[in-house]
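J.: Give me coordinates for this.
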Amino acid sequence: MTSTASGSPEVVVNTSNVDAINGAIIADLVKYKYQIEKDTPYLLELARPTNSNEDFAVSLSIGNAYSTNDRVASYTFLKTAEGIRVIVSTSLRAHMVGGQTNTMQLNDNGAVYNTFQQQLFDIKKQIEVAQQ
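T.: Model prediction:
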């Protein structure tokens with residue numbers, strides 16, 4: 001796991017074009033059945049239904065056999081002097097029958113962390129090369 005200032009996967013992209021970063025993230029995650037839940041100038045949140053292994057983990061930790069479960073990726077965009085700082089937070093979310101929502105962060109999972117950190121490095125490279 002790469003150590004970052006936020007403790008989450010993050011990167012600074014040398015651009016002022018948040019839309020280019022946003023579009024690259026969406027294009028990547030729709031391949032994995034993620035759907036947009038929130039899209040603002042500073043936040044992009046996508047979610048997809050959990051797979052069977054994730055469902056099992058959610059049932060044991062924050063949900064139950066009756067909960068509807070999602071895997072969530074939230075991207076925060078911060079404008080800095082160097083460009084756009086992108087920080088991603090990943091979690092599992094359980095929607096309980098009574099309306100309660102429980103969340104479990106995944107940023108301390110090395111495999112998940114590294115996957116999203118690599119995604120950010122790839123997007124940074126893609127956007128910065130396209131600008132040259």
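
J.: quick one, longest helix in the chain?
T.: Secondary structure of the chain per DSSP state H: the longest helix is helix 110-131.

J.: and that one, how far out from the chain's middle?
T.: Relative to the chain's own centre, helix 110-131 is displaced by 12 Å; criterion: C-alpha atoms, centre = their mean, to the nearest Å.

J.: which other residues reach that helix?
T.: Applying C-beta atoms under 8 Å, 6 or more residues apart in numbering, the external contacts of helix 110-131 come out as 1-2, 4, 8-15, 17, 20-21, 24-25, 28, 73, 86, 88, 90, 106-107. C-beta here means a position set from N, CA and C on the backbone, and glycine is covered the same way.

J.: Could you rerun that using 10 Å?
T.: Applying C-beta atoms under 10 Å, 6 or more residues apart in numbering, the contact partners of helix 110-131 are 1-2, 4, 7-15, 17, 20-25, 27-29, 71, 73, 75, 83-84, 86-91, 105-107, 109.

J.: For the protein, which element, helix or strand, carries the lowest mean pLDDT?
T.: In the chain, no helix or strand scores lower on mean pLDDT, DSSP states H and E than helix 52-61, which sits at a mean of 90.

J.: what residue of the protein is the furthest out?
T.: Distance from the C-alpha centroid of the chain, by C-alpha atoms, centre = their mean, peaks at Q132 (27.2 Å).

J.: wait, doesn't N22 sit right on E45?
T.: No. Counting by C-beta atoms under 10 Å, N22 sits too far from E45 to count as a contact (11.4 Å).

J.: Name the residues contacting each of the two.
T.: Counting by C-beta under 10 Å, 6+ apart, the residues touching both N22 and E45 are I36, D39, Y75.

J.: Just the ones of those residues in strands?
T.: Among the shared contacts of N22 and E45, DSSP state E puts I36, D39, Y75 in strands.

J.: out of those residues, who has the most neighbours?
T.: Neighbour counts for the ones in strands among the shared contacts of N22 and E45 (other C-beta atoms under 10 Å) peak at Y75, which has 25 neighbours.
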